[in-house]
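>>> For reference, the sequence and a predicted model appear below.
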Amino acid sequence: MDFLKDIVKEIGDDYTQLASDISDDQQFIDTGSLVFNGLVSGSIFGGVSNNKITAIAGESSTGKTFFALAVAKNFLDNNPDAYTLYFDTESSITRALLESRGIDTKRFVVINVVTIEEFRTKALKAIDKYLQMPIDERRPCMFVLDSLGMLSTEKEITDALNDKQVRDMTKSQLVKGAFRMLTLKLGQANVPLIVTNHTYDVIGAYVPTKEMGGGSGLKYAASTIIYLGKKKEKDGKEVIGNIIKAKTHKSRLSKENKQVEIRLYYDDRGLDRYYGLLELGERGGLWKNVAGRYEMDGKKVYAKQILKDPETYFTPEVLEKLDAIARTEFSYGESV
């Protein structure tokens, strides 16, 4: 044992420690949607990991940016001294957009990046600066990259300027290298990174299959990969948001190939906290759905009525029962 301690001391960095000293206190960041928390962590009281990479992938217009903003808003709302660094590759983030979603713009930094190399450099500089701060002075911080699919490379830009019609074969390697450098540092700093990315249909697949772009770098680095699909949510004739189908494509914290539906509003409400819990409780046998009404406490109530006043129906006791169902449905074991 003394030999092992001597090895740790000789190496002398923050990344080396005895396995018996590794903390098992896994912490999570509440996403704002209880059922989505269950999908990604195995508990409705969990969320995305606070020190790992989470990928949110989907086709165009599936709400990836709005989803990432909703998670960032909830993170800032729950942590009054926290801040978010948002790496924007699409030049889509404006102050008006952020304010319309209720995001505190004084604690939200927008960093425009064009190339993978630029993102890698700026992200590493930011995380190194964060790690240099005394631990007791570090405030909660979240990184967001929106989106990986829009990042170019310096070679690609140079070739375009020189009118060279060639494909940059180094792009996937650059992506892999960037996440390889970031993963350990994010883990050490307890900083989560949410990455949005595009999906495409795999041509020639035996069954309809979607694949995430950008090569294998993000697939290997991400602790969790969620695929999104959507349908419009209307109030009368007005479209007020999306009903998003979220499916675990990869997860180290919960079961894969599980799917839930969540509701994302276009305004400052963001993710609906309670949407999807009725279906979760029904699957777990907590209540029954009879002709569109749910039997709760001896009463038959329509879903719309419940979701208008959710705290009346989703009491702390009910939420504990729903969490037990979520653990059974989504978790391999105790994850929170």
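Received, thanks. If you're wondering where the values come from, they're calculated on a predicted model, not measured in any experiment.

>>> Can you show me the helices along the chain?
Assigned by DSSP state H, the helices in the chain fall at 2-11, 34-41, 64-78, 95-100, 116-132, 154-161, 171-189, 217-221, 277-283, 303-308, 310-313, 316-330.

>>> Worst mean pLDDT among the ones you listed?
The stretch with the lowest average pLDDT out of the helices of the chain is helix 2-11, scoring a mean of 79.

>>> What is that helix packed up against?
Helices and strands touching helix 2-11, by 3 or more Cβ pairs under 8 Å, 6 or more residues apart in numbering; DSSP states H and E: there are none. (C-beta placed from N, C-alpha, C; glycine too.)

>>> which outside residues touch that helix?
Helix 2-11 has contacts (Cβ atoms under 8 Å, 6 or more residues apart in numbering) with 16-18.

>>> could you redo the last one with a cut-off of 6 Å?
For helix 2-11, the external contacting residues (Cβ atoms under 6 Å, 6 or more residues apart in numbering) are residue 16.

>>> Now do stretch 42-55, average pLDDT.
Rounded mean pLDDT across stretch 42-55 is 95.

>>> hang on, the earlier thing: looking at the helices of the chain, which is closest to residue 202?
Residue 202 lies closest, by Cβ to Cβ, to one member of those: helix 217-221, at 14.0 Å.

>>> which residues are contacting the closest one?
Contacts for helix 217-221 (Cβ under 6 Å, 6+ apart): 53, 55, 175-176, 179, 183.

>>> all strands of the stretch 151-300 of the chain, in order?
193-201, 210-212, 224-235, 238-251, 259-265, 289-290, 293-296, 299-302 (DSSP state E, counting those that start in this stretch).

>>> Export those strands to JSON lines and append columns for mean pLDDT and distance to residue 91.
As requested, those are exported to JSON lines (pLDDT from 0 to 100; distance: least, Cβ to Cβ, whole Å):
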{"stretch": "strand 193-201", "mean pLDDT": "90", "distance to residue 91": "14"}
{"stretch": "strand 210-212", "mean pLDDT": "78", "distance to residue 91": "22"}
{"stretch": "strand 224-235", "mean pLDDT": "81", "distance to residue 91": "22"}
{"stretch": "strand 238-251", "mean pLDDT": "86", "distance to residue 91": "22"}
{"stretch": "strand 259-265", "mean pLDDT": "93", "distance to residue 91": "22"}
{"stretch": "strand 289-290", "mean pLDDT": "89", "distance to residue 91": "45"}
{"stretch": "strand 293-296", "mean pLDDT": "89", "distance to residue 91": "45"}
{"stretch": "strand 299-302", "mean pLDDT": "90", "distance to residue 91": "43"}
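
>>> can you redo those strands as a markdown table with distance to residue 279 and mean neighbour count?
Shown next, in a markdown table, are the strands of the stretch 151-300 of the chain (distance: least, Cβ to Cβ, whole Å; neighbours: other Cβ atoms under 10 Å):
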| stretch | distance to residue 279 | mean neighbour count |
| --- | --- | --- |
| strand 193-201 | 24 | 21 |
| strand 210-212 | 23 | 18 |
| strand 224-235 | 15 | 17 |
| strand 238-251 | 12 | 18 |
| strand 259-265 | 7 | 20 |
| strand 289-290 | 8 | 12 |
| strand 293-296 | 10 | 17 |
| strand 299-302 | 14 | 13 |
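
>>> Now the contacts of helix 217-221 in TSV, please, with extra columns for neighbour count and distance to residue 35.
TSV is the format used below for the contacts of helix 217-221 (neighbours: other Cβ atoms under 10 Å; distance: Cβ to Cβ, whole Å):
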residue	neighbour count	distance to residue 35
53	24	22
55	24	19
175	23	31
176	19	33
179	25	28
183	18	28
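
>>> In the residues you listed, find the pair that's most separated.
Spanning the widest gap among those are 55 and 176, at 13.9 Å by Cβ to Cβ.

>>> any residues in contact with both of those two?
Counting by Cβ under 6 Å, 6+ apart, residue 55 and residue 176 have no contacts in common.

>>> tally of neighbours for residue 20?
Applying other Cβ atoms under 10 Å, we find 7 residues neighbouring residue 20.

>>> that older thread, just give me the closest of the contacts of helix 217-221 to residue 311.
Lowest distance from residue 311 to the contacts of helix 217-221 (Cβ to Cβ) belongs to residue 55, with 32.2 Å.
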